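S.K.: the sequence and its predicted three-dimensional model are supplied below.
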Protein chains: 2
Amino acid sequence: MFPKPYSLRLFVPSDLGRDVGVVLDKSQSHYVANVMRKSAGERIALFNGRDGEWIGTLQEVHKNHCLVHVTEQLRPQIDEPDISLLFAPVKKIQTALIVQKATELGVANLQPVQTARTNAERLREDKMELQVLEASEQCERLNIPIVGELMPLQQALEALEPERVLLFCNERLTGNGAGDVIPALAAAQKWAIVTGPEGGFADEEIAMIAARPNTHAISLGPRILRAETAVIAALALLQAFHGDWTS
Amino acid sequence: MFPKPYSLRLFVPSDLGRDVGVVLDKSQSHYVANVMRKSAGERIALFNGRDGEWIGTLQEVHKNHCLVHVTEQLRPQIDEPDISLLFAPVKKIQTALIVQKATELGVANLQPVQTARTNAERLREDKMELQVLEASEQCERLNIPIVGELMPLQQALEALEPERVLLFCNERLTGNGAGDVIPALAAAQKWAIVTGPEGGFADEEIAMIAARPNTHAISLGPRILRAETAVIAALALLQAFHGDWTS
């Protein structure tokens, strides 16, 4: 992929295939024409989460309207591993980091959960949608993670299929190092990670999570990690052993 | 450590011990008195990177001058694993994230390196010093990572002791998944990680790093990780298997 055969990569809802014409919406057209200052004849990449990644040539470039002639498939569709992230929203900038980094690290579902100590600030799911879109375009994913609406922790836990293996990042925990637990887990198709708010989970929340079948508590070391650091660390370990980072 | 016996944690250069009196400097006194609005009689934690972590009582609280009476040791001194991070500075906010996250994740040395594609923006080592201090206080480290001055990649590589095991995060690499490579490495006392700039390392840089003895290239999966995400992921994996995250 170096050097890349395109200078810009966009998610589009349209079907993609050889010789298809794709009309970019107003916001993407503005980005292509005015922000990135592309011209007709330049090549860009498109993906839609279904048909893989395609390259196309900009045929018309206007600030409200761009037309792309799709020519050739770069990569077939491959889905990311089925990993759900249940996370307690924190401050705005940190929540944005969680959303961006979890997308880069290949989660399939981003599920914000309300916990006893979750910051009550209103969660902007619409902003999160934009953040996952931008991060997906940037990190060369072939799909877009699904962003759930904020729901109580208990409801989110109950919504997990019983066979889904849940990694429980509990900052109060001693022992059960992530490097001991994660590689030793049996292979599974469906995974989830749950991380808490800055103040940690409340006692009754810890008991509720731990009581779920197929749940494995992990420790992320002796230092106190910020919420977004814990998300990245846990996802990296999961991907390295049970996801798509293996050779 | 829950609930904590203090509400504030500060690094001080002074020696710490039972019944020692510690005078906080002007900036810390302002923080304690005006920002955190502490009063005489409240308990705070102090560490200096040598004598472990101590608790003390605020005896005098003024905006320019606070006096702490040190009473009892909470934890003896334990040093973090000997991990050096060689990283190419990126944009200001991302560099700040690298510094903060690497501190949380327990690096001993933060060494910014100049690479062919490093953003030329002047690096503020003084700001980095403040960021590591704040992150160390927050994450409950018992010491402060050392921040090096920006130096060319080649010089930083040559400064590594030959026996120091270097993990080379190369985004162009396929194969050699981090989850395969890292757990399989023999135990070592000294570790390092090198991560590149946004545009990746240049060919001659890749050759130079790969030619170093005791160097292991690792892949962090099929998606393109931002510089700070790669740092966190690589550090998490190293700590989980060869650092202080094991049970």
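M.R.: That came in fine, so what should we check first?

S.K.: which residues does the most centrally placed residue in chain A contact?
M.R.: Taking CA atoms, centre = their mean, the centroid of chain A lies closest to residue A:103, which sits 2.4 Å from it. For residue A:103, the contact set (CB atoms under 8 Å, 6 or more residues apart in numbering or on different chains) comprises A:110, A:131-132, A:135-136, A:139, A:141, A:145. Every C-beta, even on glycine, is put in place using the N, C-alpha and C of the backbone.

S.K.: apart from its neighbours in sequence, what residue is nearest it?
M.R.: Among residues not flanking residue A:103 along the chain, residue A:135 sits closest, at 3.8 Å (CB to CB, 6 or more residues apart in numbering or on different chains).

S.K.: run a quick neighbour tally on that neighbour.
M.R.: 23 (other CB atoms under 10 Å in any protein chain shown).

S.K.: and what about it, helix, strand or coil?
M.R.: helix (DSSP: H, G, I helix; E, B strand; the rest coil).

S.K.: you'd agree it is up against residue A:96?
M.R.: No: counting by CB atoms under 8 Å, residue A:96 is not a contact partner of residue A:135; they are 9.7 Å apart.

S.K.: quick one: contacts for residue A:225?
M.R.: A:171, A:233, B:104-105, B:139.

S.K.: how about 10 Å then?
M.R.: Residues in contact with residue A:225, defined by CB atoms under 10 Å, 6 or more residues apart in numbering or on different chains, are A:169, A:171, A:195, A:231-234, B:101, B:104-105, B:138-139, B:232, B:236.

S.K.: follow-up on the earlier one: using CSV, list the CA coordinates for the one helix or strand the residue nearest to the centre of chain A maps to.
M.R.: Secondary structure from DSSP states H and E places residue A:103 in helix A:92-104. Extracted in CSV, the C-alpha atoms of helix A:92-104 (Å, rounded to 0.1, in the frame of the first residue of the first chain):
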residue,chain,number,x,y,z
LYS,A,92,-15.9,15.3,25.8
ILE,A,93,-12.3,15.1,24.5
GLN,A,94,-11.6,11.8,26.1
THR,A,95,-14.8,10.3,24.8
ALA,A,96,-13.8,11.5,21.3
LEU,A,97,-10.4,9.7,21.8
ILE,A,98,-12.1,6.5,22.9
VAL,A,99,-14.3,6.6,19.8
GLN,A,100,-11.5,7.4,17.4
LYS,A,101,-9.0,4.9,18.9
ALA,A,102,-11.6,2.0,19.2
THR,A,103,-12.4,2.6,15.5
GLU,A,104,-8.7,2.4,14.6
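
S.K.: and the next helix or strand after it with helix A:92-104, angle?
M.R.: Downstream of helix A:92-104, the next assigned helix or strand under DSSP H and E is strand A:109-114. Note on geometry: by axes from the mean of the first three to the mean of the last three CA atoms, to 10 degrees, strand A:109-114 and helix A:92-104 are set 150 degrees apart in direction.

S.K.: buried ones in strand A:109-114, by neighbour count?
M.R.: Applying a neighbour-count criterion of 16 or more other CB atoms under 10 Å in any protein chain shown, one finds A:110-114 buried in strand A:109-114.

S.K.: check stretch A:144-153 too.
M.R.: A:144-145, A:147-148, A:150-151, A:153.

S.K.: which of the residues you listed lies closest to chain B?
M.R.: Set against chain B, the nearest of the buried residues of stretch A:144-153 by CB to the nearest CB is residue A:145 (11.7 Å).

S.K.: correct me if wrong: residue A:68 contacts residue A:24.
M.R.: Yes: at 6.7 Å, residue A:68 counts as touching residue A:24 under the criterion of CB atoms under 10 Å.

S.K.: could you pull up the residues touching residue A:31?
M.R.: Contacts of residue A:31 by CB under 10 Å, 6+ apart are A:8, A:10, A:24-25, A:38, A:63, A:66.

S.K.: that older thread, going by distance to chain B, which of the contacts of residue A:103 wins?
M.R.: Taking the contacts of residue A:103 together and measuring to chain B by CB to the nearest CB, the closest member is residue A:139, at 4.4 Å.

S.K.: which parts of chain A are helices?
M.R.: Taking DSSP state H as the test, the helices found in chain A are A:26-30, A:92-104, A:125-139, A:153-159, A:178-184, A:203-211, A:227-242.

S.K.: which outside residues touch the first one?
M.R.: By CB under 10 Å, 6+ apart, the residues outside helix A:26-30 that reach it are A:8, A:10-12, A:22-24, A:36, A:44, A:60-68, A:130.

S.K.: repeat that with 6 Å
M.R.: The contact list for helix A:26-30 (CB atoms under 6 Å, 6 or more residues apart in numbering or on different chains) reads A:10, A:63-66.

S.K.: a markdown table please, covering those and showing neighbour count, distance to chain B and pLDDT.
M.R.: Shown next, in a markdown table, are the contacts of helix A:26-30 (neighbours: other CB atoms under 10 Å in any protein chain shown; distance: CB to the nearest CB, whole Å; pLDDT from 0 to 100):
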| residue | neighbour count | distance to chain B | pLDDT |
| --- | --- | --- | --- |
| A:10 | 21 | 15 | 96 |
| A:63 | 12 | 27 | 91 |
| A:64 | 11 | 30 | 93 |
| A:65 | 14 | 29 | 94 |
| A:66 | 25 | 24 | 96 |
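
S.K.: for residue A:156, which non-adjacent residue is spatially closest?
M.R.: Using CB to CB, 6+ apart, the closest residue to residue A:156 is residue A:113 (4.7 Å).

S.K.: where does pLDDT dip in chain A?
M.R.: Where chain A drops to pLDDT under 70, the residues are A:1-3, A:119-121, A:172-175, A:247.
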